[in-house]
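Peer 1: Provided below are the primary sequence and the corresponding predicted coordinates.
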Amino acid sequence: MLKDLCEQITCDAPYIIKEDNPLGTRIMRPEYSIYVEDKKTYPLSKAEHLFAICWNIKENKKLYGTLKPSDVSFSYQYEFKENTRSQLHTHEYLELAYIVSGTFHQRIIDKDIVFKEGDLCLVDKNCLHQDYLDSEPATILFLGIPNTILETIIADNIVTERIVSFLQSALSKQQNIQQYLHFKPKSVDLNKEMNQSFYQLLQELIRNDEGSVYICHGLLMRIFQLLNNNYEFSLSKDLRKKMNWMIYEEITDYIKDNYSDITIQKLTERFHFQEDYFNRLLKTNTGMTYIEYVQGVRLSHAERLLLQTDTKIDQIAAMVGYQNKGYFYKIFKERYKVTPGTYRKLKKIGQLE
């Protein structure tokens, strides 16, 4: 059913565009240089809209492709030689590729990967990759997923911590990591449900009316739920370390910016991890629990205020997040071995290093 729909929209469209049409480069840009890296931008005027690019690779070495939603129903047709590659590229959106039929060959981060029917590949925005066109027939559906939908997937807690970590790092302001996930179904029967979800999603992208945006979001959520429950994937040890470090930096930056009123509930709402995740992450990278880390940040700011201002100690305690003056004195003395007032005096006369 999904394969037939892909065939229909790619091969039977009323408007045919050739290789020299700029719209064709949105579908597939053949390799023109080994030294250039293309950055694929959103093909739609509404950048936050989910979209699909469909490929049909035929035995006669022709690629038929199209884009949905689109104002004009078109088919891009490209005749290729065996082992033709697309230009090395990244996207400004997350790409989820679904192998509807046949096999599909990609080179991702200098690694050759052959995806089989039913496999999916989630490629991060700055992950360099290129596609191979082989003589074997195949149908591939690529989804371009904007940030707003990623945030919804994370917020609704429908995926495991490992997938959340991937999506969080994809949304991160730091873009020094290349990553992808290769999903394989646990059984052949699971393809039926995934096929149905993609079929409904593609139908809505073709329809593209006012309600389609909301329906597509819901169907994509279902697809990620299926990926979470019925598909296998793994992360390399090095990739997990890189992802965890990026997320650690994002979380600690947030704590430092909001130290006076930070709570673990606020971290959970902001980053959508379970509470114990923050303890584990901070313990791994700092040796401290969440409470110990926040306390250290607050006391460091209190020390700065004691030495650089004449603010009263009660006010300093409140400014750094402690309404209980007695508790503030207790933890300050545990760290600095003297009370805040004594610390200020001794520092001013140079009797304390």
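Peer 2: Nice, thanks for sending it over.
Peer 1: Quick one: the strands in the stretch 1-150 of the chain, in order.
Peer 2: If DSSP state E, counting those that start in this stretch is used as the criterion, the strands of the stretch 1-150 of the chain fall at 15-17, 38-40, 51-57, 62-68, 74-79, 84-85, 89-91, 94-101, 104-108, 111-115, 120-123, 129-133, 138-145.
Peer 1: For the stretch 251-353 of the chain, give me the ranges with low pLDDT.
Peer 2: Counting by pLDDT under 70, the stretch 251-353 of the chain shows low-confidence ranges at 350-353.
Peer 1: Please, where are all the strands along it?
Peer 2: Under DSSP E, counting those that start in this stretch, the stretch 251-353 of the chain gives no strands.
Peer 1: Save the strands of the stretch 1-150 of the chain as TSV, and put in mean neighbour count and mean pLDDT too.
Peer 2: In short, each C-beta sits where N, CA and C put it, glycine included. Listed next are those as TSV, based on neighbours: other Cβ atoms under 10 Å; pLDDT from 0 to 100:
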stretch	mean neighbour count	mean pLDDT
strand 15-17	14	86
strand 38-40	15	87
strand 51-57	24	94
strand 62-68	22	92
strand 74-79	20	90
strand 84-85	16	90
strand 89-91	19	90
strand 94-101	22	94
strand 104-108	20	91
strand 111-115	13	90
strand 120-123	23	91
strand 129-133	21	92
strand 138-145	22	94
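Peer 1: Kindly reformat those strands as TSV containing distance to R270.
Peer 2: Formatted as TSV, the strands of the stretch 1-150 of the chain follow (distance: least, Cβ to Cβ, whole Å):
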stretch	distance to R270
strand 15-17	44
strand 38-40	29
strand 51-57	28
strand 62-68	34
strand 74-79	42
strand 84-85	41
strand 89-91	26
strand 94-101	20
strand 104-108	30
strand 111-115	34
strand 120-123	23
strand 129-133	31
strand 138-145	21
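Peer 1: G211: which of the ones you listed is closest?
Peer 2: strand 62-68 (15.8 Å; Cβ to Cβ).
Peer 1: Check which helices and strands that closest one sits against.
Peer 2: helix 2-11, helix 22-27, strand 51-57, strand 74-79, helix 190-207 (3 or more Cβ pairs under 8 Å, 6 or more residues apart in numbering; DSSP states H and E).
Peer 1: List the residues that contact the closest residue to L282 other than its chain neighbours.
Peer 2: With sequence-adjacent residues excluded and distances taken as Cβ to Cβ, 6 or more residues apart in numbering, L282 is closest to Y293, at 5.0 Å. If you count contacts by Cβ atoms under 8 Å, 6 or more residues apart in numbering, Y293 has them with 252, 255, 282, 286.
Peer 1: mind redoing it with 10 Å?
Peer 2: 251-252, 255, 259, 278-279, 281-283, 285-287 (Cβ atoms under 10 Å, 6 or more residues apart in numbering).
Peer 1: Against I251, how distant is it?
Peer 2: 10 Å (Cβ to Cβ, to the nearest Å).
Peer 1: got it, and I57?
Peer 2: 43 Å.
Peer 1: who wins for proximity to L306 among the strands of the stretch 1-150 of the chain?
Peer 2: strand 94-101 (46.7 Å).
Peer 1: report the angle between the axes of that closest one and helix 2-11?
Peer 2: Orientation of strand 94-101 against helix 2-11 (axes from the mean of the first three to the mean of the last three Cα atoms, to 10 degrees) gives an angle of 110 degrees.
Peer 1: mind listing what strand 94-101 pairs with, with the direction of each?
Peer 2: strand 120-123 (antiparallel), strand 138-145 (antiparallel) (DSSP bridges).
Peer 1: so which of the ones you listed gets nearest I17?
Peer 2: strand 138-145 (17.7 Å).
Peer 1: from the middle of its chain, how far away would that closest one be?
Peer 2: 17 Å (Cα atoms, centre = their mean, to the nearest Å).
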